[in-house]
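1. Below: sequence and its predicted model.
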Amino acid sequence: MTTRALVARMDNVGDVLLAGPCVRAVAAHVDSVTLLTGPRGRAGGDLLPRVDQVISWCAPWIDPEPPPLTSADAHAFIDRIRALELDMAFILTSFHQSPLPLALLLRMAGVGWIGAISDDYPGSLLDLRHRVDGDPPEAERALSLAEAAGMRLPPGDDGTLAVRRPLPKVEKLTGTEEYVVVHPAASVPARQPSALRSASIVAAMAQAGHRVIVTGGPSDRTLTKAVAGTHAIDLGGATTLPELAAVLDGASVVVAPNTGPAHLAAAVGTPVISLFAPVVPAARWAPYGVPVVVLGDQEAPCRGSRARECPVIGHPCLESVTAQQVVTAAAQLTAGREYLRTGGLS
């Protein structure tokens, strides 16, 4: 008997990448996995291993700029899900989000078994109401839902993040000599250092002898040009997400705020210097499964606020990070990565 499962993660690219271990655990126990994402996370879904198809829908209770919820749109979504003839669904959400609106729609689409992490009373909307104690890393929190359903990772899968390989060839963009990456942009302003701060980091890294590549999306071109200056190669807007993954894969270390590319760096196994604004907890959202140095004042007044715009004048949590701190962290991480590559042999 064929078993078809849906795994839903309706947020940004980084959130989708963090769902990867859960997806692989489910995939080890079913015949096919459909991944449901929001439009902002679709490109991340296309990179996840063990996914048979990716579909997207904008959930009005999750997207930060939500469209109106209309009867026509909801019924079109229900019809689309019904056509998949799913046997089960796992709904992954952040701790402040409810899985129940999506559970209702999936139930209306005929999905017979639905599991989710939920503090809210689900009534008959969930067959598995899973609860998580403490504040584990988000990847482990999501994986625990699959484990609660009896679906564990297969032997040999270490539970870290991963992407589909092979990745595109990007030597024409990066060159062949060793390099570090600085990614200055974040999905929201509260998590992003100033352009001046990022530019000072790039200059200091170059002065320390690193060849520096600055990355960013199409909307980041003005920022990446200013940050790269004359010290770095500017790849702002020059890569697709798979190409960005390849650029990060080739780096000795990645410097990035708490945003999707930091998780993408972790998914390709590259150490990360995380410029982390504590609007969300680093214990949960720092890059997972790779060597990481977290910089930024984790006790700043914005702590735990989930603010999208910095609520504190001067953005002290990130503006207090010095270029020398980043240079020192890069030396530590690149030395450690060389040890990992050589097995510690001289």
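-> Everything's here; your move. Numbering: from 1, shown residues only.
2. Only alpha carbons, please: show stretch 242-254 as CSV.
-> Taking C-alpha atoms only, stretch 242-254 is exported to CSV below (Å, rounded to 0.1, in the frame of the first residue of the first chain):
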residue,chain,number,x,y,z
PRO,A,242,21.3,26.9,-5.7
GLU,A,243,24.3,29.0,-6.9
LEU,A,244,24.4,30.9,-3.6
ALA,A,245,24.5,27.5,-1.9
ALA,A,246,27.5,26.6,-4.1
VAL,A,247,29.2,29.9,-3.3
LEU,A,248,28.7,29.3,0.5
ASP,A,249,29.8,25.7,0.1
GLY,A,250,33.1,26.8,-1.3
ALA,A,251,33.8,29.4,1.5
SER,A,252,36.1,28.7,4.4
VAL,A,253,33.7,30.7,6.7
VAL,A,254,30.5,32.7,6.2
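3. if we look at that stretch, which residues are touching it?
-> Stretch 242-254 is contacted from outside by 46-47, 163, 167-170, 173-174, 178-183, 213, 215, 235, 239, 261-262, 264-265, 267-273, 330, 333-334, 337, using C-beta atoms under 8 Å, 6 or more residues apart in numbering. Where you see a C-beta, it was placed from the backbone N, CA and C, and this is true even at glycine.
4. Okay, and which of the residues you listed map to helices?
-> 173-174, 261-262, 264-265, 267, 330, 333-334, 337 (DSSP state H).
5. Narrow those to those that are buried.
-> 173-174, 261-262, 264-265, 267, 330, 333-334, 337 (16 or more other C-beta atoms under 10 Å).
6. In the protein, what residue spans correspond to strands?
-> Ranges of strands within the chain are 4-9, 32-37, 53-56, 88-92, 113-117, 128-130, 180-182, 212-216, 232-236, 254-257, 272-275, 292-295, based on DSSP state E.
7. Tabulate the ones you listed (CSV), appending mean neighbour count and distance to residue 304.
-> Output for those, formatted as CSV (neighbours: other C-beta atoms under 10 Å; distance: least, C-beta to C-beta, whole Å):
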stretch, mean neighbour count, distance to residue 304
strand 4-9, 25, 23
strand 32-37, 24, 27
strand 53-56, 15, 30
strand 88-92, 27, 21
strand 113-117, 22, 19
strand 128-130, 18, 23
strand 180-182, 27, 27
strand 212-216, 26, 28
strand 232-236, 21, 31
strand 254-257, 28, 17
strand 272-275, 28, 17
strand 292-295, 20, 16
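8. Can I get stretch 169-185 in PDB, CA atoms only?
-> What follows is stretch 169-185, C-alpha atoms only, in PDB (Å, rounded to 0.1, in the frame of the first residue of the first chain):
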ATOM      1  CA  LYS A 169      29.500  25.100 -10.700                       C
ATOM      2  CA  VAL A 170      30.300  28.700  -9.600                       C
ATOM      3  CA  GLU A 171      34.100  29.100 -10.200                       C
ATOM      4  CA  LYS A 172      33.400  31.800 -12.800                       C
ATOM      5  CA  LEU A 173      31.900  33.900 -10.000                       C
ATOM      6  CA  THR A 174      34.200  33.000  -7.200                       C
ATOM      7  CA  GLY A 175      37.500  32.200  -8.800                       C
ATOM      8  CA  THR A 176      39.500  29.200  -7.500                       C
ATOM      9  CA  GLU A 177      41.400  30.700  -4.600                       C
ATOM     10  CA  GLU A 178      40.200  30.400  -1.000                       C
ATOM     11  CA  TYR A 179      37.700  32.900   0.200                       C
ATOM     12  CA  VAL A 180      35.300  33.900   2.900                       C
ATOM     13  CA  VAL A 181      31.700  35.200   2.400                       C
ATOM     14  CA  VAL A 182      30.100  38.200   4.100                       C
ATOM     15  CA  HIS A 183      26.300  38.300   3.600                       C
ATOM     16  CA  PRO A 184      25.200  41.700   5.000                       C
ATOM     17  CA  ALA A 185      21.400  41.500   4.500                       C
END
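9. Just the buried residues of that stretch, please?
-> Neighbour-count burial for stretch 169-185, counted by 16+ other C-beta under 10 Å, picks out 170, 173-174, 179-185.
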